[in-house]
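Peer 1: my questions concern the predicted model and sequence given below.
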Amino acid sequence: MDAASRRRAIADALSAGEGPVAASALGERFGVSRQIIVGDIALLRASGIEITATPRGYVLGTGGAAGLRRTIACVHGFEGMERELNIMVDNGCTVLDVVIEHSVYGQLTGELHLKSRRDVQEFMARSREAGGSPLSTLTGGIHTHTLLCPDEASLRRTMDELRAAGMLLE
């Protein structure tokens, strides 16, 4: 398979919408290295295809996804991260990202695309294994999340539970 055909096949695989697809899985599927896939993704992005890299793999952009897209501000330490994310997904919202305002770099965004408790568990396990710190450690725990919620009631429930947990920054 030539490179152009492989890139079309990668775009088709992501369009299937079966969740995030890791670069290593795409590499195995197409018989190339993970690094070749990373380059293919860069070229697909340059051609105008909106592809997001999440901790679990690549997804097509959510620009057209149905639901309410809202940003909420939160504050907590590392110990509150799993609880916060579970509150959001338990109320039917997808956690698209986490954003902080850094004094040197400006806005820093981490793509998440977490939709379920399982997604949260996998994300937390990877965070622990990697020994990584959340972006919010750079800002005293203050951060925002972009949520995609099915309706206003889901968003309201999420905010009420975060408020009750002392995690909603108001």
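Peer 2: Received the coordinates, thanks. No experiment lies behind these values; they were computed from the predicted model shown. Residues are numbered from 1 along each chain as shown.
Peer 1: my guess is Thr71 meets Cys149, correct?
Peer 2: No - when contacts are counted by C-beta atoms under 8 Å, Thr71 is not listed as touching Cys149 (11.4 Å). C-betas here are computed from N, CA, C, even on glycine.
Peer 1: please, which helix or strand holds Thr52?
Peer 2: Thr52 is part of strand 51-54 when elements are defined by DSSP states H and E.
Peer 1: following that strand, which helix or strand shows up next?
Peer 2: strand 57-60.
Peer 1: for that next one, give the mean pLDDT please.
Peer 2: Model confidence over strand 57-60, given as mean pLDDT, is 86.
Peer 1: same thing with stretch 24-39?
Peer 2: For stretch 24-39, the mean per-residue pLDDT is 93.
Peer 1: give me the contacts around the worst-scoring helix or strand of the chain on mean pLDDT.
Peer 2: Lowest on mean pLDDT, DSSP states H and E among the helices and strands of the chain sits strand 51-54, with a mean of 84. Strand 51-54 is contacted from outside by 14, 20, 41, 44-45, 58-62, 111-113, using C-beta atoms under 8 Å, 6 or more residues apart in numbering.
Peer 1: and the helix or strand hosting Glu111, what's buried?
Peer 2: Using DSSP H and E, the element containing Glu111 is strand 106-114. Buried residues in strand 106-114, counted by 16 or more other C-beta atoms under 10 Å: Glu111, Leu112, His113, Leu114.
Peer 1: cool, and stretch 91-104?
Peer 2: For stretch 91-104, a neighbour-count test (16+ other C-beta under 10 Å) marks Asn91, Gly92, Cys93, Thr94, Val95, Leu96, Asp97, Val98, Val99, Ile100 as buried.
Peer 1: also stretch 134-142?
Peer 2: Judged by neighbour count (16+ other C-beta under 10 Å), stretch 134-142 contains these buried residues: Pro134, Leu135, Ser136, Leu138, Thr139, Gly141.
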